[in-house]
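*Asks:* Below is the structure, and that's it, no one-letter string:
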């Protein structure tokens, strides 16, 4: 089955700096890659996703890149703000199921 | 709010109790999911229902029993649980199930806030 590795597990940045979270996947048939943000006491919230026919997608301060050859995808957050502090999860869809990465705890220091 | 609600938000139960978790989605979606989220482990898919039919059972012990009476509601019935079953149980829904016959691609999943379960 699919295996998704996510790095780093924790990330601390200064407000205003950029943050990058990386994921690798094992199944070359994976074709959909969402990113979720989970704040304390809440469920994961979909923030951006990308499909395998696209190499990059951007939504305001958030962007995701996909390298199908290398089987990795990344989340980029620019101009980080304290409210960006949360746990971020990547996922990959191979077949019918989503497989999630282990999560990255992002801390943005004011 | 994501349009997916879960009750209760917190539950403490003994190993001999029987309880149920409830999920309701107000999005008109056709697929619903149960996930288990434990500390320091990735989200684990438990069950998937598409159009009220169970399409996936991800090797979940029989002490967890799902029920989907209609496309808006999903239950997880719990009985004789173990302390290691303590976790956050998340419900999610999507417009379509990726393996469905419609061939559509609207399978973005939207999660509820979860039920924090503690088994004593």
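*Replies:* Sure, I can see it. Small disclaimer: the values here were computed from a predicted structure and weren't measured.
*Asks:* model confidence over the longest strand seen in chain A, on average?
*Replies:* Ranked by residue count, the top strand of chain A under DSSP state E comes out as strand A:86-94. What strand A:86-94 shows for mean pLDDT is 94.
*Asks:* quick one: that strand to chain centroid distance?
*Replies:* Taking the mean C-alpha point of strand A:86-94 and that of its whole chain, the gap between them comes to 5 Å (C-alpha atoms, centre = their mean, to the nearest Å).
*Asks:* For it, which helices and strands make contact with it?
*Replies:* strand A:4-7, strand A:19-25, strand A:32-38, strand A:72-77, strand A:97-100, strand A:104-109 (3 or more C-beta pairs under 8 Å, 6 or more residues apart in numbering or on different chains; DSSP states H and E). C-betas here are computed from N, CA, C, even on glycine.
*Asks:* any idea of the pLDDT on residue A:53?
*Replies:* pLDDT at residue A:53 comes out at 85.
*Asks:* Which SSE is immediately downstream of the helix or strand of chain B with the lowest mean pLDDT?
*Replies:* Of all helical and strand segments in chain B, the minimum by mean pLDDT, DSSP states H and E falls on strand B:53-57, at a mean of 79. The first helix or strand that comes after strand B:53-57 along the chain, using DSSP states H and E, is strand B:64-70.
*Asks:* can you pull the buried residues of the helix or strand following that following strand?
*Replies:* Once strand B:64-70 ends, the next helix or strand along the chain (criterion: DSSP H and E) is strand B:73-79. For strand B:73-79, burial by neighbour count (16 or more other C-beta atoms under 10 Å in any protein chain shown) applies to B:74-76, B:78.
*Asks:* what's the least confident stretch among the helices and strands packed on strand A:86-94?
*Replies:* Minimum mean pLDDT among the helices and strands packed on strand A:86-94: strand A:97-100, a mean of 88.
*Asks:* tell me what that strand is packed against?
*Replies:* strand A:86-94, strand B:44-50.
*Asks:* Now find how far off-centre that strand is within its chain.
*Replies:* Averaged C-alpha coordinates place strand A:97-100 at 13 Å from its chain's average position (C-alpha atoms, centre = their mean).
*Asks:* could you dump the helices and strands packed on strand A:86-94 to CSV with distance to residue B:87 and mean neighbour count?
*Replies:* Below are the helices and strands packed on strand A:86-94 laid out as CSV (distance: least, C-beta to C-beta, whole Å; neighbours: other C-beta atoms under 10 Å in any protein chain shown):
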stretch, distance to residue B:87, mean neighbour count
strand A:4-7, 19, 18
strand A:19-25, 23, 20
strand A:32-38, 14, 22
strand A:72-77, 25, 21
strand A:97-100, 14, 22
strand A:104-109, 18, 17
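*Asks:* looking at the ones you listed, which is closest to residue B:57?
*Replies:* Checking those against residue B:57 by C-beta to C-beta gives strand A:97-100 as the closest, at 12.0 Å.
*Asks:* Quick check: residues of chain A near chain B?
*Replies:* A:4, A:32, A:34, A:36, A:41-46, A:49, A:51, A:89, A:91, A:93, A:95-103 (C-beta under 8 Å from any C-beta of the partner chain).
*Asks:* circling back: list just the one of the helices and strands packed on strand A:86-94 that sits closest to residue B:97.
*Replies:* Of all the helices and strands packed on strand A:86-94, strand A:97-100 comes closest under C-beta to C-beta, at 10.1 Å.
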